[in-house]
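Q: Generate coordinates for the sequence data below:
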Amino acid sequence: MRSFYFLFCFLCVAVNAKISKTAEDRLRERQEAVKDLPSGLTTPELIKYWGYPVEEHWVQTEDGYILGLHRIPHGKDQTPGGDRPVVYLQHALITSSALWSFGPPKKSLAYILADQGYDVWMGNSRGNPYSKNHTYLEPCSTSRCKEFWDFDWHEGGMYDVTAGIDYALSYTGQDSVYYCGHSMGTTQYFVMLSMRPEYNEKIKIGAVLAPPVYMSHATNFIFEIAQWAGGIENIYHLFGQYEFLPHYDVISWIGDALCGDDHPFTNTLCMNIGFLLLGFNPGQLNGTMIPTYLDHVPESSSTRTFAHYAQLHLSKNFEAYDFGETGNILHYHQSTPPVYDLSKVTAPTAIFKGDADDLVSLIDVDILVNHLPNVVFDHLVEIDGWTHTDYVLSMDADVLVYDYVVDVFSKH
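A: Prediction:
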């Protein structure tokens with residue numbers, strides 16, 4: 001039945017998708033802007049391609065991971081130097097800093113903020129290609145390197161985001177940052193501020209896009225297998241795999257060989273697969289950019305990260321990873337995983353939510369809002385059908401989300 005439903009939706013999107021004249025104009029403008037965009041660019045190369053200054057920095061976490069930070073110190077046509085307010089951007093699961101810098105500049109938050117006068121820093125969570133290093137652990141994918149992959153978004157919030165923020169503040173001589181995260185980047189935000197509440201003083205305001213914190217009402221098909229998540233993790237490990245969804249060159253090759261304006265027939269297929277995987281929102285996904293997206297998605301993480309999100313769906317709590325009774329006693333000195341205390345998240349927080357987000361439902365976001373003591377903005381994106389990935393891939397994200405982010409930042 002489900003396979004028939006997907007086939008039906010596929011045909012409907014392929015044959016009946018309508019795009020308004022305004023949307024057609026926006027798409028034409030974006031296609032023109034990216035028509036010569038080379039394939040295979042790294043995040044720093046993407047930033048340079050769009051004409052912005054970029055720096056790479058390295059920071060070591062308390063537990064030995066070496067993370068890559070990408071910085072856009074000023075806007076495209078601005079003079080270097082001077083004190084600029086620092087913005088810290090943190091990406092979603094199985095992505096990287098590229099999420100904020102795909103381009104074109106008017107459509108990507110990193111460039112928009114840089115041109116608004118901010119000093120933009122972008123973090124990379126442990127395990128992705130820019131942060132796959134350690135002071136003594138080897139980062140291979142197999143069981144030989146299982147200690148390297150013994151983490152999830154809890155460690156990302158406790159150690160990665162905190163190390164990145166501290167480094168950016170020390171480097172610039174400032175005392176606080178504007179924070180923006182998407183998906184896992186928001187989960188890490190709430191872990192950081194609840195577990196290490198002293199960091200509330202280092203956040204001017206946090207803008208959280210699609211926050212997966214409470215997840216019991218998520219409807220994405222991935223949660224149909226949530227009850228088997230622990231088993232899937234064990235099976236995955238049984239076959240010796242500890243790295244989750246690494247990026248393979250063949251993915252980039254498919255994007256370059258089959259997708260984009262140079263391949264009009266097969267790009268229709270790419271577009272419809274994109275609608276199936278990313279959400280049905282005709283008129284928002286730019287098929288011209290699919291080869292660039294596939295150069296950077298997926299980027300690897302640990303299998304435990306996926307299992308931890310599935311745990312939230314089942315437990316109906318925002319809680320630490322469940323290692324089992326014996327493991328919990330060893331890790332937490334109690335038989336059950338501790339629940340994060342969101343009353344400690346006192347930094348001003350702006351919430352962004354969408355009506356068609358099947359990973360972060362409006363009901364779950366409302367539960368989160370009711371647990372937070374300092375929500376200063378609770379915004380439902382003003383378009384029907386807004387999905388989890390539209391925050392970073394939609395052609396209208398600049399108007400529907402980023403303008404609001406810039407506005408709330410300007411008021412704090």
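Q: List the contacts of M122.
A: 43, 69-72, 88-91, 97, 100-101, 110 (CB atoms under 8 Å, 6 or more residues apart in numbering). Placement of C-beta: from N, CA and C, glycine included.
Q: for G127, helix, strand, or coil?
A: coil (DSSP: H, G, I helix; E, B strand; the rest coil).
Q: Quick check: it vs G157, distance?
A: 14 Å (CB to CB, to the nearest Å).
Q: Show residues contacting stretch 210-224.
A: By CB under 8 Å, 6+ apart, stretch 210-224 touches 2, 181-184, 186-187, 189-190, 309-310, 312-318, 342, 351-354, 357-361, 363-365, 367-368, 388, 391.
Q: Equivalent analysis for stretch 45-58, please.
A: By CB under 8 Å, 6+ apart, stretch 45-58 touches 37-38, 41, 44, 66-76, 80, 98, 101-105, 110-111, 114, 167, 171, 292.
Q: Flag the shaky bits of the stretch 1-150 of the chain, pLDDT-wise.
A: Where the stretch 1-150 of the chain drops to pLDDT under 70, the residues are 1-36.
Q: right, I mislabeled it, should have said the stretch 151-300 of the chain
A: In the stretch 151-300 of the chain, residues with pLDDT under 70: 225-283, 285-292, 295-298, 300.
Q: let's go with 90 and repeat that
A: 219-300 (pLDDT under 90).
Q: Show me the helices in it, by range?
A: 153-155, 161-172, 184-195, 229-238, 249-258, 264-278, 290-296 (DSSP state H, counting those that start in this stretch).
Q: just the stretch 301-412 of the chain next, same as before
A: Using DSSP H, counting those that start in this stretch, helices in the stretch 301-412 of the chain cover 303-315, 324-332, 362-371, 390-393, 397, 403-410.
Q: by how many degrees do the first one and helix 362-371 diverge?
A: Angle, helix 303-315 to helix 362-371, by axes from the mean of the first three to the mean of the last three CA atoms, to 10 degrees: 90 degrees.
Q: Ok, which of the helices of the stretch 301-412 of the chain comes nearest A347?
A: helix 403-410 (12.6 Å; CB to CB).
Q: what sits against K344?
A: Contacts of K344 (CB under 8 Å, 6+ apart): 193-194, 197, 200.
Q: So for L330, what's the pLDDT?
A: We have a pLDDT of 95 for L330.
Q: Roughly how far does it sit from Y402?
A: 44 Å.
Q: Same check on M122?
A: Relative to Y402, and taking CB to CB, M122 is found at 15 Å.
Q: Repeat that for S183.
A: Taking CB to CB, one finds S183 at 16 Å from Y402.
Q: in the sheet, who's paired with the residue lying closest to F377 once chain neighbours are set aside?
A: Counting by CB to CB, 6 or more residues apart in numbering, A350 is the residue found nearest to F377 once chain neighbours are left out, at 3.8 Å. With DSSP bridges as the criterion, A350 is bridged to A207, F377.
Q: Quick check: the gap between A350 and K76.
A: From A350 to K76 the distance is 26 Å (CB to CB).
Q: Those two - which one has more neighbours?
A: Taking other CB atoms under 10 Å, A350 and K76 do not tie; A350 has more neighbours (23 against 13).
Q: surely the more buried one meets V376?
A: Yes. Shown here, A350 and V376 form a contact pair, counting by CB atoms under 8 Å, at 6.0 Å.
Q: Pull up the overlap in contacts between those two.
A: 205, 408.
Q: since we're on the residue lying closest to F323 once chain neighbours are set aside, how many residues are nearby?
A: Of all residues not flanking F323 in the chain, H331 sits nearest, at 5.6 Å (CB to CB, 6+ apart). Look at H331: counted by other CB under 10 Å, it has 15 neighbours.
Q: if I look at H331, how far off is Y88?
A: 28 Å.
Q: cool, and F377?
A: F377 is 18 Å from Y88, by CB to CB.
Q: who has more neighbours, those two?
A: With neighbours defined as other CB under 10 Å, F377 and Y88 compare such that Y88 has more, 27 against 17.
Q: Let's verify that one: helix, strand, or coil?
A: Taking three-state DSSP, the label given to Y88 is strand.
Q: just checking, it touches D166?
A: No. Using CB under 8 Å as the test, Y88 is too far from D166 to be in contact (10.4 Å).
Q: how much space between H412 and C180?
A: For H412, the distance to C180 - CB to CB - is 12 Å.
Q: got it, and H70?
A: In terms of CB to CB, H70 sits 14 Å off from C180.
Q: For those two, indicate the residue with more neighbours.
A: Legend: neighbour count by other CB under 10 Å for H70 and C180, higher for C180 (30 against 26).
Q: Next, the contact list for the more buried one, please.
A: C180 touches 87-90, 109, 206-209, 405, counting by CB under 8 Å, 6+ apart.
Q: run the last query once more with 7 Å
A: C180 is in contact with 87, 89, 109, 207, 405, counting by CB atoms under 7 Å, 6 or more residues apart in numbering.
Q: ok, and the most crowded of the residues you listed?
A: In these, the most neighbours by other CB under 10 Å go to A207, 28 neighbours.
Q: Who are the contact partners of it?
A: 179-180, 350, 352, 405, 408.
Q: Got the phi and psi for I72?
A: When read as degrees, to the nearest 10, the backbone of I72 gives phi -110, psi 100.
Q: wait, doesn't it sit right on I112?
A: No. Contact criterion CB atoms under 7 Å: I72 and I112 do not qualify, at 10.6 Å.
Q: neighbour count winner among those two?
A: Neighbour totals were compared for I72 and I112, and I72 leads with 27 against 21 (other CB under 10 Å).
Q: can I assume the residue nearest to F323 is in contact with D322?
A: No. Contact criterion CB under 7 Å: H331 and D322 do not qualify, at 9.8 Å.
Q: so who does the most centrally placed residue in the chain touch?
A: A centroid search over the chain (CA atoms, centre = their mean) returns A92, at 1.7 Å, as the residue closest to the centre. A92 sits next to 99, 182-185 when contact means CB under 7 Å, 6+ apart.
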